[in-house]
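Colleague: 3D, please:
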Amino acid sequence: MAPYSASKHGLEAISESLRRELMLFGIDVIIVAPGATATAIWDKTEELDLARFDGTEYASAISRFLAYVMDVGPKGDPPARIARVIHQALTTASPKTRYAPVHGKFMNWTLPGLLPKRFVDRKIGRGLGLLE
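Modeller: Numbers count the residues shown, from 1 in each chain. From the prediction side, this is the model:
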């Protein structure tokens, strides 16, 4: 998840910076950060070859994570909902700086942001079987 997370944080940082730098020209930069979206991409998780992790400390965690993703991903928001949020963001007179159309936003995004990071790390680590 590290490369994926890094790319998303990078996009957030670039967007935040560009919004400030481009205001001189009247250009507004906003972020639309949807959560899981019910698309065919989730079907690809079954095609992943994870043999290189067999016998490693991460084998169990990857299995648990993929099971979670394969359960939650297809239940995500329909693309039409995300499209409506994008349309709203593009057509409103005063858009928010960030839109996060996320299913279960409180439990999945808001609550972890309010809790101490080490606590969240331990909960995730235990959930993936990385900690006892």
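
Colleague: What is the least confident helix or strand in the protein?
Modeller: Using mean pLDDT, DSSP states H and E, helix 105 stands out as the lowest-scoring helix or strand of the chain, at a mean of 55.

Colleague: mean confidence for the helix or strand harbouring R64?
Modeller: Counting by DSSP states H and E, the element that carries R64 is helix 59-72. On average, the pLDDT along helix 59-72 is 87.

Colleague: Equivalent analysis for stretch 28-47, please.
Modeller: 87.

Colleague: change the start of the numbering to 170 and stick with it
Modeller: Yes, from this point I'll number from 170; that puts the last item at stretch 197-216.

Colleague: can you give me the end-to-end distance of it?
Modeller: 40 Å (Cα to Cα, to the nearest Å).

Colleague: Give me the most central residue, this structure.
Modeller: Geometric centre of the chain, nearest residue: G204, 5.1 Å, by Cα atoms, centre = their mean.

Colleague: Give the closest residue to that one in space, chain neighbours not counted.
Modeller: V271 (3.6 Å; Cβ to Cβ, 6 or more residues apart in numbering). Any C-beta I mention is one placed from the backbone N, CA and C, and that applies to glycine too.
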